[in-house]
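> The following block contains a protein sequence and its predicted model.
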2 protein chains.
Amino acid sequence: MSRSDDIRAAALELFTRRGYEATTMADIGAAVGIRGPSLYKHVASKQDLLAQIMTATMAELLALHQAAVASSDDPTERLRRAAEAHVRYHARHRLEAFVGNREIRSLTEPHRGKVLALRAEYEACFRELIHAGVAAGRFHVTSARLASYAVLDLGMGVATWYREDRELSEDAVVWQYSEFTLRLVGACQPS
Amino acid sequence: MSRSDDIRAAALELFTRRGYEATTMADIGAAVGIRGPSLYKHVASKQDLLAQIMTATMAELLALHQAAVASSDDPTERLRRAAEAHVRYHARHRLEAFVGNREIRSLTEPHRGKVLALRAEYEACFRELIHAGVAAGRFHVTSARLASYAVLDLGMGVATWYREDRELSEDAVVWQYSEFTLRLVGACQPS
DNA sequence: GATCCCGGCTAATGCCCATTAGCCACAGCG
DNA sequence: CGCTGTGGCTAATGGGCATTAGCCGGGATC
């Protein structure tokens, strides 16, 4: 289904640049070289397009997170890898991440609940990771909740300003930001 | 002009919750107890409402920043105060900050340029602050640009999740987050 | 008391949009 | 060669929206 994929990609691009509400089916059609109504031969609705993008994004993010934290038992190392996965995803798939974060309010109810649940689960994972580090005396923060918000927000910020063609490589950003994360939770000695 | 202020406040609330595109003039009118068309006795247009909100927000943020950094010569103290002002604004005026960050793409051209210029100026201030600290050997980051993005994103994140009625007081968030900022740039010894 | 204007209202206006209906070309298959 | 299904098109449907026009009550001003 190359056509459907093209359409999803075009929609993603437009949702990112203009927002869901400001994007019309005609716009999406034009981006793949057909008229608006023809899109309905490939997708159920505009809303469905958004739902597909957002659920796939959250599922992928969660899967990457699970894989990252499964690779170590050390709290610091687990958080580092989780932060790396988080930042790398937000850099590499910045369109998906951007839309995933900003268009939740445009999702209608059967889907919004699911996406919010996945997001809450993701947030809880980070909070738990930080909590474990604090309990082990490895991190030093007064509020694990606040620290987890901070760490998550760092990644989301990457999705807003990162561009592939800058002087900053993906690896550079990932490395720096996971360093920021560890400093933030007080896991690092100053180098 | 209490009425105009009420309208701006209602628009701000709705733009935050539903987004600019998804908010109708009728919605805004209903929020202040009148019909949509009657709003035009008080405001020029929906777009003008957004422009007023966004330019006022950026101007206020910049003014607070200037006041904060003017109060010290020490790089660490200047960054701390700038971060405090940044976070405090994003907590106390979270609606304004939220809309200011998310609806830039809904602003049409005469205004968007101005708001983007103000925002660029604000970002440059932080970058300069961090650069100065690095030059003085007080901060330790490989990229002042990256660090400034991180610091700014932290504040913007606050505007997305902060609520006045939580267990976390404004001061608690401000203090924690400015601590995060200083740790992030490597200005803190681990305590 | 007449006038004026402020701030409401309802009813257009003109447009845009998502989605549906119904048509057609054509490619692959029998 | 005919059939069928795929994927395009245009036209219609039904609705919503920002904005404008034009009306009106009522309080302030003279």
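Thanks, I have the structure now.
> who touches the residue nearest to residue A:31 when sequence neighbours are not counted in this structure?
Excluding the flanking residues, the one nearest residue A:31 by Cβ to Cβ, 6 or more residues apart in numbering or on different chains is residue A:10, at 3.7 Å. For every residue, glycine as well, the C-beta is placed using N, CA and C. Neighbouring residues of residue A:10 by Cβ atoms under 8 Å, 6 or more residues apart in numbering or on different chains: A:28, A:31-32.
> and residue A:164, what element?
Using DSSP states H and E, residue A:164 falls within no helix or strand.
> do residue A:137 as well
Here residue A:137 is assigned to no helix or strand, by DSSP H and E.
> tell me the contacts of the spatially most central residue of chain A?
For chain A, residue A:97 is the residue whose C-alpha lies nearest the centre (Cα atoms, centre = their mean; 3.7 Å). Residue A:97 makes contacts with A:57, A:61, A:89-90, A:155-156, A:159, as judged by Cβ under 8 Å, 6+ apart.
> Do you know the pLDDT at the nearest residue to residue A:99 once chain neighbours are set aside?
Distance criterion Cβ to Cβ, 6+ apart; nearest residue to residue A:99, sequence neighbours excluded, is residue A:15 at 4.8 Å. Looking at residue A:15, its pLDDT is 98.
> repeat for residue A:183
For residue A:183, the pLDDT comes out at 96.
> Let me know whether it touches residue B:184 as I believe.
Yes: with contact defined as Cβ atoms under 8 Å, residue A:183 counts as touching residue B:184 (5.5 Å).
> and the residue nearest to residue A:31, what element?
Element membership for residue A:10, per DSSP H and E: helix A:2-18.
> which residues are in contact with whatever helix or strand comes next after that helix?
Next helix or strand after helix A:2-18 toward the C-terminus (DSSP H and E): helix A:25-32. Helix A:25-32 is contacted from outside by A:3, A:6-7, A:10-11, A:13-14, A:18, A:35-39, A:46, A:49, using Cβ under 8 Å, 6+ apart.
> Go through the contacts of residue A:97 and name the one nearest DNA strand C.
The nearest member of the contacts of residue A:97 to DNA strand C, counting by Cβ to the nearest atom of the strand, is residue A:57 at 20.1 Å.
> ok, is the helix or strand that the closest one is a member of in contact with DNA strand C or not?
Per DSSP H and E: residue A:57 is located in helix A:46-69. Yes: under the criterion of Cβ under 7 Å from any atom of the strand, DNA strand C is reached by helix A:46-69 at A:46-47.
> No further questions, thank you.
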